[in-house]
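**Q** output the structure for:
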Amino acid sequence: RYPDDEATNIPPTAELIINFSEPMRRGTVPNPIIELSYPLAVGSARILLNVNEARDAVRFTDGTSTVFIKPRAALPSGTRITVRILDGTFTDLEGNPFGLTDLNAWNFTIADVTNPIVRTFDPTPGSNRVPQDKVLSITFDKPVRTATGFVRIFRTGSPEPLLTIDVRDTERVKVMTDNPRVVQITPRILLPSGSNLYVTADAGSFEDSNGNPFFGIGVNEWEFSVQDVVPPRITATRPSTGATNVAPDVLLEMTFNEPVDPIPGKRLFVYVNGVARDSVLATNSSVIQPVGTGRTRYLVRVPKFNSEDRVYILIDSAFADLAGNRFAGFRRTTDWSFSIADVSPPRAVAFTPPNGSTFVKVDQILSIDFNEQVRPSSNGLIILNEGSSSRNLDATNSSEVRIVNNGRRVEILPPNGLPFRSNILVQIPPGTFTDEAGNPYAGVNENATDKRWGFRTAPPPDLDPPLVANLSPRDDAVDVALNTPLVV
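**A** Have a look, this model is predicted:
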């Protein structure tokens, strides 16, 4: 017979052959059956072939000595087949029955020609919050061994592998000795926090004991997400830390590297010139507002700042990412600090001579003291109204206008001085002087705070010597009494 009893590695589609020692014929039993049975994980299975009916599966001609048995489907790979034939299914020409019973059953084993397949992955596909130090494992349907190829770990969406492991690297790839259906893969790195990963394996990287290769693991077949253990960070602020010349009505903005939510009870503090001005709950949505739906950008609406304010902002651990990791906060005064632009125009604090003065010397240097440094504009001028005439002085001409006292005083030097006994009115158009930030002085004019700067100069000096107008007693008088007072 073929195959021999207890033969192994028989092809699943092999035709079974029984050769008798003499001519045979079909028996007369009512239900002539050839039974092929094999074990299952639980119980067993049977293939029943009726010799009279299954002519395509059982070929035999009376008077011959050979029976050909060809099951309609391939026999299960790797299974032990037991063939039984009901006694009397065949007889010799003299009527002596033939059968195969449990006592003389025909046994052989079908070759294992199936490829190993994956039963389970660990972590299971779609898992979330996988530990960064996770040891990966694959459970096959049969024992396997490493062959040739690579296991690769990718970030989802990236064409380049994060890690490539040769399956022959016994430090990282191990077939478990106590259960060779299980392969453990140890990356020996911390998987990136919060990342989405997938694992591939080359075809032929593993095989069973008969050399049947594993078909491999394809793209996105084994995906999972690594636990996020990294706290969120602020990657940008508006204004940026260290910024200068910030507008007083600036709308503050924070941008995080991932979506975050405010934490109840936690606060943001605004310090102005070293003093706490605002304390805002992170959950106060009228002040701290997300931009769009991404929850990575938040606006902070605080009151307007004043000119030249020095601002810094401190933040509690007031935000957490979707994994619950908390923002470390801004704890230092330099984490988010900025200065407000100088938007206040310079102010005059004193005029010399003061407005309304009289008997002002005609060679008097006129001056204005300011609250901050100023400089003349390129087209600035000063108008001197001197009674019936007027003249313009060039604010950039240092012989007529000069800046002294570290830029805080403007001195006006009218050429040839001022006229005597005259009403002088000084007019300064807006923008004749600006501060270092370019804010213009409103000037001295009817539309400015300093509406008028006027004074009267002294009369000309008396250069004639005095004359005697009268003497008492008169010159050459006689008989003047001894006690007469002398009067000039």
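**Q** against Asp5, how distant is the residue nearest in space to the middle of the chain?
**A** For the chain, the residue sitting closest to the mean C-alpha position, by CA atoms, centre = their mean, is Asn257 at 2.1 Å. According to CB to CB, to the nearest Å, Asn257 stands 72 Å off from Asp5. Every C-beta, even on glycine, is put in place using the N, C-alpha and C of the backbone.
**Q** same deal with Thr241?
**A** The gap separating Thr241 from Asp5 is 87 Å, by CB to CB.
**Q** for Trp222, same thing?
**A** Separation of Trp222 from Asp5 (CB to CB): 44 Å.
**Q** restricting to C-alpha, output stretch 87-101 in PDB.
**A** What follows is stretch 87-101, C-alpha atoms only, in PDB (Å, rounded to 0.1, in the frame of the first residue of the first chain):
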ATOM      1  CA  ASP A  87     -15.000  -5.500   7.100                       C
ATOM      2  CA  GLY A  88     -16.500  -7.000   3.900                       C
ATOM      3  CA  THR A  89     -16.300  -3.900   1.900                       C
ATOM      4  CA  PHE A  90     -14.000  -5.900  -0.400                       C
ATOM      5  CA  THR A  91     -13.700  -9.700  -0.700                       C
ATOM      6  CA  ASP A  92     -11.600 -12.100  -2.700                       C
ATOM      7  CA  LEU A  93     -13.100 -14.100  -5.400                       C
ATOM      8  CA  GLU A  94     -13.900 -16.800  -2.900                       C
ATOM      9  CA  GLY A  95     -15.900 -14.400  -0.800                       C
ATOM     10  CA  ASN A  96     -13.400 -14.000   2.000                       C
ATOM     11  CA  PRO A  97     -13.900 -10.500   3.500                       C
ATOM     12  CA  PHE A  98     -11.200  -7.800   3.900                       C
ATOM     13  CA  GLY A  99     -11.300  -4.900   6.400                       C
ATOM     14  CA  LEU A 100      -9.100  -2.500   8.400                       C
ATOM     15  CA  THR A 101     -10.200  -2.100  12.000                       C
END
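**Q** in that stretch, which residues are buried?
**A** Within stretch 87-101, the residues that count as buried by 16 or more other CB atoms under 10 Å are 88-91, 98-100.
**Q** what sits up against stretch 30-46?
**A** 26, 47-52, 58, 69, 71, 75-76, 79-86, 88-90 (CB atoms under 8 Å, 6 or more residues apart in numbering).
**Q** next, the distance between the ends of stretch 429-444.
**A** Stretch 429-444 has an end-to-end distance of 7 Å (CA to CA, to the nearest Å).
**Q** number of residues surrounding the spatially closest residue to Gln132 that is not a sequence neighbour?
**A** In this structure, Gln132 finds its nearest non-sequential neighbour in Leu190, 4.2 Å apart by CB to CB, 6 or more residues apart in numbering. When counting by other CB atoms under 10 Å, one arrives at 12 neighbours for Leu190.
**Q** ok, Val291 next?
**A** 13.
**Q** tell me the SS of the residue nearest to Gln132?
**A** coil (DSSP: H, G, I helix; E, B strand; the rest coil).
**Q** my read is that it contacts Val130, right?
**A** No - taking contacts as CB atoms under 8 Å, Leu190 lies outside contact range of Val130: 11.5 Å.
**Q** ranges for the strands of the stretch 51-200 of the chain?
**A** Under the criterion DSSP state E, counting those that start in this stretch, strands of the stretch 51-200 of the chain are mapped to 58-59, 66-69, 80-92, 97-100, 106-110, 118-122, 127-130, 136-140, 145-146, 150-155, 161-166, 173-175, 182-185, 196-201.
**Q** what's the closest of the ones you listed to Arg375?
**A** strand 150-155 (58.1 Å; CB to CB).
**Q** report the contact partners of Asp394.
**A** If you count contacts by CB under 8 Å, 6+ apart, Asp394 has them with 380-381, 400-401.
**Q** which strand or helix spans Ala276?
**A** strand 275-281 (DSSP states H and E).
**Q** and the next helix or strand past that strand?
**A** The helix or strand immediately downstream of strand 275-281 is strand 288-290, counting by DSSP H and E.
**Q** helices or strands up against whichever helix or strand comes after that following strand?
**A** Under the assignment DSSP H and E, the closest C-terminal helix or strand after strand 288-290 is strand 297-300. Secondary-structure packing of strand 297-300 (3 or more CB pairs under 8 Å, 6 or more residues apart in numbering; DSSP states H and E): strand 252-256, strand 288-290.
**Q** ok, which of those strands comes nearest Lys304?
**A** With CB to CB, the closest approach to Lys304 among these belongs to strand 252-256: 11.7 Å.
**Q** partners of that closest one, with directions?
**A** Strand pairing for strand 252-256, determined by DSSP bridges: strand 234-238 (antiparallel), strand 297-300 (antiparallel).
**Q** tell me the mean pLDDT for the strand holding Ala276?
**A** The average pLDDT for strand 275-281 rounds to 96.
**Q** for it, give me every contacting residue.
**A** With contact meaning CB under 8 Å, 6+ apart, strand 275-281 is reached by 264-271, 287-288, 300, 302-303.
**Q** filter those residues down to the buried ones.
**A** For the contacts of strand 275-281, a burial check counting by 16+ other CB under 10 Å picks out 266-268, 270-271, 287-288, 300, 302.
**Q** so which of those comes closest to Ser357?
**A** Closest approach between the buried ones among the contacts of strand 275-281 and Ser357, by CB to CB: Tyr271, at 46.3 Å.
**Q** for the closest one, pull up the helix or strand it's in.
**A** Taking DSSP H and E as the definition, Tyr271 sits inside strand 267-272.
**Q** the inter-axis angle of that strand versus strand 275-281?
**A** Angle between the axes of strand 267-272 and strand 275-281 is 160 degrees (criterion: axes from the mean of the first three to the mean of the last three CA atoms, to 10 degrees).
**Q** quick one: strands adjacent to strand 267-272?
**A** Sheet pairing of strand 267-272 (DSSP bridges) gives strand 275-281 (antiparallel), strand 310-315 (antiparallel).
**Q** which among those strands is found nearest to Pro460?
**A** Closest among the strands paired with strand 267-272, using CB to CB: strand 310-315, at 55.4 Å.
**Q** pull the residues that contact that closest one.
**A** 246, 252, 267-274, 305, 327, 329-331, 333-340.
**Q** average pLDDT for it?
**A** Rounded mean pLDDT across strand 310-315 is 97.
**Q** ok, now stretch 215-233?
**A** Stretch 215-233 comes out with an average pLDDT of 94.
**Q** just how off-centre is that stretch within its chain?
**A** Put simply, stretch 215-233 sits 18 Å off its chain's centre (CA atoms, centre = their mean, to the nearest Å).
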